[in-house]
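Participant: Pasting a predicted model and its sequence here:
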Amino acid sequence: MSLNRRSFLRNAGLAAAGTQIPLLRTFAQERRLGPNDQIHVALIGAGGRGQSITKSALTLPNVKLLAVADCYDGRLAHSKEMWGNDLQTTKDYNEILKRSDIDAVIIGTPDHWHRKVAIDAMAAGKDVYCEKPMIHEYADGPLMIDAAKKYNRVIQIGSQRVSSMIYIKAKELLAAGAIGKLNLVQGHWDRNSAQGAWEYTVPLDANEQTCDWPRFQGAAPKHAWDPERFFQWRKYKDYGTGVAGDLFVHLFSGTHFITGTNGPSRAYATGGLRYWKDGRDVPDVLLGLYDYGDWNLELRVNFVDGGEESEGFTFVGTEGSMEITSRGVIVNKVPREKGPGMSIGSFTNEMQARLKADYAQKHAEDAAARAALIGTGVERYMAPAGYDDTADHFRTFFNCMRTRQQPTENAVFGYRAAGAALLSLLSMEKGTVVHWDADAMKLKS
Ligand SMILES: NC(=O)c1ccc[n+]([C@@H]2O[C@H](COP(=O)([O-])OP(=O)(O)OC[C@H]3O[C@@H](n4cnc5c(N)ncnc54)[C@H](O)[C@@H]3O)[C@@H](O)[C@H]2O)c1
């Protein structure tokens, strides 16, 4: 079975409308955007992700990019190559925030800058699209939530799956009972390449003249110039949170969106640095277990075995399972046998025959129901080839900017997802189970 884009989008609109929260008051200096006014955006942090999501944003109507800030000359120069010489480029994002003609900023900096850039931007009257994970440390969450309220700004965190037609379909299927009652969610990434393990290319002209190292470091602990720290920052806790904030957070966002839950109450994680002993201080194997009331989440990242790359995300219910991929949702219905089954091989032939007849009579309905499902058990809902969920995430963001509604993936949602993801590192470091009050968004001792 396949759903076309129009029906997927209709579903997306309905789901978003049901969960948006109206903003309470109007920011005094905002440029009021009419439905057809052009939205002016700027990009802060123009690395791999910043450039690619800005391209997605610019596929939408009435959106114009006016400025880009980054700490590396080569990325500012490439921004002009892509978006023209009229683009303002600067190493100091404050130059961008001063402009009254910019409505929103897209934040693609490393994680340790998310809080400061987002709060500075909101204080300057800009709406914010901030890449995931929203936080680098727990203290960031409440500050960003408060700033969105104080300055009355729209803020959306960049887990694009939350606006994806695939995830909206999965949410609808789960609510409709497609796999029965949810028992378990499993996710894994087996990444067996150097790029998968964040060994990103350092450009040949990387030096302290082309890279603004003090600005990149910001408030992080100070180190002598180190191009690997600059271009491969995910390997160091000073700037990111390893696989927790890079990969686990996506599955927390997806899981929370699909199930409508706020987060786990308890987490245990373990792992270690097994293969990529290149000076990094984060694990390359991480295994996490999380309690969500009456179901559990199990996550694994493995950068180490050198074999096939594989990635999977599966919801397991009482009546089947639902696999979610970047292309779609696949439901495997395996209706439970309602009867107890038989263990009769050790009995006499006559007793076996009598028990079989007795069972067939008592459980005829069950057998008929299971037989009727043969050949109908797999349902596929595939997105169109080349589907760009990031463009849909920006569509949500820009709609919210016009209507002054908070999106589903607002600062509270973003904090709950990233807060849950960070439990993994905390648990691994402490060597204990850790507890989280997902409603209050607080660690419990
Ligand atoms: N949603 C997703 O699927 C997804 C995918 C990849 C990355 N991300 C997120 O995007 C963010 C960026 O990741 P990336 O892979 O693009 O990293 P990157 O290293 O390629 O880019 C980061 C850029 O930020 C710049 N920067 C650092 N400090 C800055 C500052 N103070 N002002 C302006 N620019 C600054 C750096 O110079 C660099 O060019 C991270 O938070 C990451 O988690 C999200």
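Facilitator: In hand now; what should we look at? Numbers count the residues shown, from 1 in each chain.

Participant: Can you tell me the closest non-neighbouring residue to residue 88?
Facilitator: residue 67 (3.9 Å; C-beta to C-beta, 6 or more residues apart in numbering). Using the backbone N, CA and C atoms, a C-beta is placed for each residue, glycine as well.

Participant: Which strand or helix spans that neighbour?
Facilitator: strand 63-69 (DSSP states H and E).

Participant: What average pLDDT does that strand get?
Facilitator: For strand 63-69, mean pLDDT rounds to 98.

Participant: likewise stretch 348-358?
Facilitator: The model assigns stretch 348-358 a mean pLDDT of 97.

Participant: which non-adjacent residue is nearest residue 70?
Facilitator: residue 46 (4.2 Å).

Participant: pretty sure the one you found is touching residue 77, no?
Facilitator: No - between residue 46 and residue 77 no contact is recorded; they are 10.3 Å apart, counting by C-beta atoms under 8 Å.

Participant: Just give the closest residue to residue 201, not the sequence neighbours.
Facilitator: residue 231 is the one closest to residue 201 (C-beta to C-beta, 6+ apart), at 7.2 Å.

Participant: What count of nearby residues applies to the one you found?
Facilitator: 20 (other C-beta atoms under 10 Å).

Participant: Okay, and the residue in the stretch 301-445 of the chain that the ligand sits nearest to sits in which element?
Facilitator: In the stretch 301-445 of the chain, no residue comes nearer to the ligand than residue 390, which is 7.3 Å away by C-beta to the nearest ligand atom. Element membership for residue 390, per DSSP H and E: helix 389-403.

Participant: Let's test this: mean pLDDT of that helix, rounded?
Facilitator: For helix 389-403, the per-residue pLDDT averages 97.

Participant: do stretch 246-253 as well
Facilitator: For stretch 246-253, the per-residue pLDDT averages 95.

Participant: CA atoms only: put it into CSV for me.
Facilitator: Taking Å, rounded to 0.1, in the frame of the first residue of the first chain, the C-alpha atoms of stretch 246-253 are listed here in CSV:
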residue,chain,number,x,y,z
ASP,A,246,24.4,13.3,17.5
LEU,A,247,22.4,10.1,16.9
PHE,A,248,20.4,9.0,19.9
VAL,A,249,18.6,12.4,20.0
HIS,A,250,17.0,11.7,16.6
LEU,A,251,15.4,8.6,17.9
PHE,A,252,14.2,10.2,21.1
SER,A,253,12.6,13.0,19.0
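
Participant: contacts for it?
Facilitator: 132-133, 157, 159, 161-162, 185, 187, 189, 198, 234, 240, 263, 286, 288, 297, 299, 301, 313, 409, 413-414, 416-418, 420-421, 424 (C-beta atoms under 8 Å, 6 or more residues apart in numbering).

Participant: Pull up the residues of this protein that are close to the ligand.
Facilitator: Near the ligand, the residues belonging to the chain are 44-50, 69-72, 75, 93, 108-111, 113, 131-132, 158, 160, 215-216, 218, 233, 246 when assessed by C-beta under 6 Å from any ligand atom.

Participant: Any quick ChimeraX command for the buried ones out of these?
Facilitator: Buried members of these, defined by 16 or more other C-beta atoms under 10 Å, are picked up in ChimeraX with:
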select :44,45,46,47,49,50,69,70,71,72,75,93,108,109,110,111,113,131,132,158,160,216,233,246
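
Participant: Which strand or helix spans residue 76?
Facilitator: helix 73-83.

Participant: likewise residue 229?
Facilitator: Assigned by DSSP H and E, residue 229 falls in helix 227-231.

Participant: So which of the contacts of stretch 246-253 sit within helices?
Facilitator: Among these, the members found in helices (DSSP state H) are 413-414, 416-418, 420-421, 424.

Participant: Show me what residue of the stretch 201-350 of the chain gets nearest to the ligand.
Facilitator: For the stretch 201-350 of the chain, C-beta to the nearest ligand atom, closest residue to the ligand: residue 216, 4.7 Å.

Participant: Is that residue located within a helix, as I assumed?
Facilitator: Yes - looking at residue 216 with DSSP: H, G, I helix; E, B strand; the rest coil, it is inside a helix.

Participant: which residues touch it?
Facilitator: Applying C-beta under 8 Å, 6+ apart, the residues contacting residue 216 are 71, 110, 230.

Participant: make it 6 Å
Facilitator: Applying C-beta atoms under 6 Å, 6 or more residues apart in numbering to residue 216 gives the contacts 71, 230.

Participant: Start the count at 824 instead of 1 going forward.
Facilitator: From this message on, residue numbering opens at 824, which makes the last subject residue 1039.

Participant: now it: how far from residue 1004?
Facilitator: Distance from residue 1039 to residue 1004, counting by C-beta to C-beta, to the nearest Å: 48 Å.

Participant: Could you do residue 1148 as well?
Facilitator: For residue 1148 relative to residue 1004 (C-beta to C-beta), the value is 23 Å.

Participant: So these two - more neighbours on which side?
Facilitator: Remark: of residue 1148 and residue 1004, residue 1148 carries more neighbours, 14 against 11, as counted by other C-beta under 10 Å.

Participant: picking that back up, while we're on the residue of the stretch 1024-1173 of the chain closest to the ligand, how confident is the model there?
Facilitator: Predicted confidence (pLDDT) at residue 1039: the value is 98.

Participant: Closest residue of the chain to the ligand?
Facilitator: Closest point on the chain to the ligand, by C-beta to the nearest ligand atom, is residue 870, at 1.8 Å.

Participant: Where does the residue in the chain sticking out farthest from the centre sit: helix, strand or coil?
Facilitator: What lies farthest from the middle of the chain is residue 1173; by C-alpha atoms, centre = their mean that is 59.4 Å. Classification of residue 1173 using three-state DSSP returns helix.

Participant: List the buried residues of the helix holding residue 1213.
Facilitator: Buried, per 16+ other C-beta under 10 Å, within helix 1212-1226: 1212-1225.

Participant: sorry, back to before: separation between the residue nearest to residue 911 and residue 1221?
Facilitator: Taking C-beta to C-beta, one finds residue 890 at 18 Å from residue 1221.

Participant: try residue 1080
Facilitator: Distance from residue 1080 to residue 1221, by C-beta to C-beta: 19 Å.

Participant: and if you look at residue 883?
Facilitator: 6 Å.

Participant: ok, back up a step: what is the helix or strand following the helix holding residue 899 packed up against?
Facilitator: Sequence-wise, the next helix or strand downstream of helix 896-906 (DSSP H and E) is strand 911-913. Applying 3 or more C-beta pairs under 6 Å, 6 or more residues apart in numbering; DSSP states H and E, we find strand 911-913 packed against strand 886-892.

Participant: So which residues of the stretch 974-1123 of the chain form strands?
Facilitator: Secondary structure of the stretch 974-1123 of the chain (DSSP state E, counting those that start in this stretch): strands at 978-980, 1005-1013, 1089-1095, 1108-1115, 1118-1125.

Participant: Report the secondary structure state of residue 1199.
Facilitator: Assignment for residue 1199 (three-state DSSP): coil.
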